[in-house]
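[1] Could you look at this predicted model? Sequence included:
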Amino acid sequence: MKEQFEVIEIENQTMKLKVNRSSGCHSCEARSGCGTGILANYFEQYTLFNKPLQSGATVGDFITLEISSNELFYRAFQLYMLPLLALFAGGILGNMLYPALEGVQILLAFVGFFASLLLTKYFVK
């Protein structure tokens, strides 16, 4: 998968890149029924992140970066499946520790879910 990024700032040996993350959402016919298309209306339409400076890159240039299909699959698993598995794991743990307290089981399921979201956000780069 290839995507074009705009270099918006260069500082030290780092370039700040900007990418329009929902470029396809505005032209897709299914956007009114698609969760991504609906959420795109409520959030910023671009993402900023830093990458090491490539030789010859200047502010305003467009750079094409590529991600392998294996890396894409791995990141999609972390984003979509890991929280779901953590939800079930928290529920199972709650059932093992507190078999008679359904509220605690549900609470531990949500703790697992949100913990996996935080871990994904802060530790997976």
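    Everything's here; your move.
[2] As a quick check, tell me the outermost residue of this protein.
    Using C-alpha atoms, centre = their mean, the residue of the chain lying farthest from its centre is Ala100. It sits 36.2 Å away.
[3] Secondary structure element holding it?
    Secondary structure here is read from DSSP states H and E; on that basis Ala100 sits in neither a helix nor a strand.
[4] just the one 3 residues further on next, same as before
    Here Gly103 is covered by helix 102-123, with elements defined by DSSP H and E.
[5] For that helix, list every residue counted as buried.
    By neighbour count on 16 or more other C-beta atoms under 10 Å, the buried set for helix 102-123 is Gln105, Leu108, Ala109, Gly112, Phe113, Ser116. Heads up, the C-betas are built off the backbone N, CA and C, glycines and all.
[6] For Lys2, give me the pLDDT.
    According to the predicted model, the pLDDT of Lys2 comes to 77.
[7] which residues touch it?
    Lys2 makes contact with Thr64, Leu65, Glu66, according to C-beta atoms under 8 Å, 6 or more residues apart in numbering.
[8] May I ask you to name the longest strand in this protein?
    Across the chain, the longest stretch assigned as strand under DSSP state E is strand 2-11.
[9] ok now the following helix or strand past it, how far from the chain's centre?
    Along the chain past strand 2-11, the next helix or strand (assigned with DSSP H and E) turns out to be strand 14-20. Computed by C-alpha atoms, centre = their mean, to the nearest Å, the chain-centroid distance of strand 14-20 equals 16 Å.
[10] same deal with stretch 56-74?
    Using C-alpha atoms, centre = their mean, the offset of stretch 56-74 from its chain centre is 16 Å.
[11] Flag the shaky bits of this protein, pLDDT-wise.
    21-46, 124-125 (pLDDT under 70).
[12] how about 90 then?
    Counting by pLDDT under 90, the chain contains low-confidence ranges at 1-80, 119-125.
[13] picking that back up, quick one: which of the contacts of Lys2 is nearest to Asn12?
    If you rank the contacts of Lys2 by distance to Asn12 using C-beta to C-beta, Leu65 comes first, at 19.7 Å.
[14] Which residue, neighbours along the chain excluded, lies closest to the spatially most central residue of the chain?
    Compute the mean C-alpha point of the chain, and by C-alpha atoms, centre = their mean the closest residue is Leu79, 5.8 Å away. If you skip the residues right next to it in sequence, Leu79 has Thr120 as its closest partner in space, 6.7 Å away by C-beta to C-beta, 6 or more residues apart in numbering.
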